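Visitor: Sharing a sequence plus its predicted fold:
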Amino acid sequence: MSKLLLAVFLCVAASCTKAASTDMPPWRWDDPVAPEGPEEQHPAIVALGWTNVTDVYPAVPEGIAVYRSPEQLGGQKVVAYIAVADLSKISWDVRAINDPGIQGTTEQLQTPSQWFAAAGAPIVLNGGYFFSEGGKRYNASVAVSEGRTYGVNINYASLDWVTMYYPTRGVFHETGGLLQTGWTYWSGGANHYLYEEPAANSWEASPLPTPDANFPSRASTFAPKTAIGGGPVLLKGGQVVNSWKAEMFYGSGSDDKMPQARHPRTAIGATPDGLLILFVCEGRGMTEGVAGMTFAEEAEVLKSLGCTEALNLDGGGSSCLLVQGVETIKVSDGAQRPVASVIILKSK
């Protein structure tokens, strides 16, 4: 792979995009106001200050509720939305370009609206990382639908192409009916490993051994029904882990210290009582005073919503949540970015 490839990937992984134009067209939709409706589905979420805006959108299926955040979270001005799915009534799935071995494809990236038009799903959320080079598009994150692999987490990192690292990177998956986070490593062919902890790599230390069946811990074979990759893992087993350093998304001395910087963010999480939560927050000043969130702030919000497992996904200009094809946040590129994968919610 070329240096350009790594630069592109690290840029995407860090959600580094051009700054939003100062000459933006008017926002197309009014901020939703919750109408009076039936008894609240998730009173614990409302008690945190989130507003149920489900009825603002047309014909959202039973089992899905959409909420807008309070004006502030953690003392910061925010614009955030969540789609909450009752998995006894709703299923989740992944759509992605077909690049199961980081070899690239000539398939085109699609905007969330294009993925929505193809899938017809009421909820569409941008998914994992990706990059383009030499006329091809690449998945840089796991994407699995109905047991078929469309993408794997990229399995190398380097700053100088002399010293090579082999990080494990985050995944959110459904295996055996359980929704969990973990870390994966793909070493080719059927050698796709899942770990309960990441390899503790760091740019400030020498590379650790290449992950295998027994390192960084005893692995299981990664064979999920559904999965989306990204990173870092935010929550595992109810604990904030925020494993960005071990997952090696950012070079030493990144100019804007991305893990601590506020940007638009996208995440997926699960609660112990069978709820799937899709999260997106606005940033980069698309709404005055709204910078976005750090990974740590994002993790705390998802934990407050009851998630015990949560994964950060591609953010920045990629962050976009559609409800029946309607945008929620103002996307920071000024228009939807074509992406390599999306998560969808649909009735069972």
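Guide: Happy to help now that I have it.
Visitor: which outside residues touch stretch 230-240?
Guide: Stretch 230-240 is touched from outside by 13, 127-129, 141, 153, 169-172, 180-183, 196, 198, 241-244, 246-247, 249, 267, 269, 295-296, 298-300, 302-303, 307-314, with contacts defined as Cβ atoms under 8 Å, 6 or more residues apart in numbering. For every residue, glycine as well, the C-beta is placed using N, CA and C.
Visitor: again, but for stretch 84-93
Guide: 41-42, 45, 61-67, 121, 123, 145-146, 174, 179, 226, 274-278, 343-348.
Visitor: Residue 268: helix or strand, and which one exactly?
Guide: Per DSSP states H and E, residue 268 falls inside strand 265-270.
Visitor: how far does that strand sit from the chain's center?
Guide: For strand 265-270, the distance from its own C-alpha centre to the chain's C-alpha centre is 6 Å (Cα atoms, centre = their mean, to the nearest Å).
Visitor: Check stretch 292-309 too.
Guide: Its chain's C-alpha centre lies 12 Å from the corresponding centre of stretch 292-309 when counted by Cα atoms, centre = their mean.
Visitor: average pLDDT across it?
Guide: With pLDDT averaged residue by residue, stretch 292-309 scores 97.
Visitor: how about it: buried residues?
Guide: Neighbour-count burial for stretch 292-309, counted by 16 or more other Cβ atoms under 10 Å, picks out 292-295, 297-303, 305-309.
Visitor: circling back: strands paired with the strand holding residue 268, and their directions?
Guide: Strand 265-270 has the following sheet partners, assigned by DSSP bridges: strand 275-281 (antiparallel), strand 309-312 (antiparallel).
Visitor: do you know which of those lies nearest residue 80?
Guide: Smallest distance to residue 80 across the strands paired with strand 265-270 (Cβ to Cβ): 3.9 Å, for strand 275-281.
Visitor: Can you list the buried residues in that closest one?
Guide: Of the residues in strand 275-281, those scored as buried under the neighbour-count criterion (16+ other Cβ under 10 Å) are 275, 276, 277, 278, 279, 280, 281.
Visitor: What average pLDDT does that strand get?
Guide: Regarding strand 275-281, the rounded mean pLDDT is 98.
Visitor: In this protein, which strand is the longest?
Guide: When secondary structure is assigned using DSSP state E, the longest strand within the chain turns out to be strand 178-186.
Visitor: so residue 343 sits in a helix?
Guide: No. Counting by DSSP: H, G, I helix; E, B strand; the rest coil, residue 343 is located in no helix; its state is strand.
Visitor: Does it touch residue 121 like I think?
Guide: No. Checked against Cβ atoms under 8 Å, the pair residue 343 and residue 121 is beyond contact range at 9.2 Å.
Visitor: Neighbour count for the two, which is higher?
Guide: Neighbour comparison, residue 343 and residue 121: the larger count goes to residue 343, with 28 against 23 (by other Cβ atoms under 10 Å).
Visitor: and that one, what does it touch?
Guide: Contact analysis of residue 343 by Cβ under 8 Å, 6+ apart lists 92, 93, 94, 124, 125, 126, 127, 228, 268, 278.
Visitor: any chance you could map the helices in the stretch 1-150 of the chain?
Guide: Chain-ordered helices for the stretch 1-150 of the chain, with DSSP state H, counting those that start in this stretch as the definition, fall at 3-13, 43-47, 112-119.
Visitor: least reliable of the ones you listed going by mean pLDDT?
Guide: Across these, helix 3-13 has the smallest mean pLDDT, namely a mean of 38.
Visitor: Sort out which of the buried residues of stretch 292-309 are in helices and list them.
Guide: Applying DSSP state H to the buried residues of stretch 292-309, the entries found in helices are 295, 297, 298, 299, 300, 301, 302, 303.
Visitor: gap between the last one and residue 241?
Guide: This means residue 303. 11 Å (Cβ to Cβ, to the nearest Å).
Visitor: what does the fifth one give?
Guide: Taking Cβ to Cβ as the criterion, residue 300 is separated from residue 241 by 12 Å.
Visitor: Ok, the first one next?
Guide: Between residue 295 and residue 241 the distance, using Cβ to Cβ, works out to 10 Å.
Visitor: what's near enough to touch the residue lying closest to residue 329 once chain neighbours are set aside?
Guide: Residue nearest to residue 329 in three dimensions, not counting chain neighbours: residue 282, with 4.0 Å by Cβ to Cβ, 6 or more residues apart in numbering. By Cβ under 8 Å, 6+ apart, the contact set of residue 282 is 78, 79, 80, 264, 290, 292, 319, 329, 330, 332.
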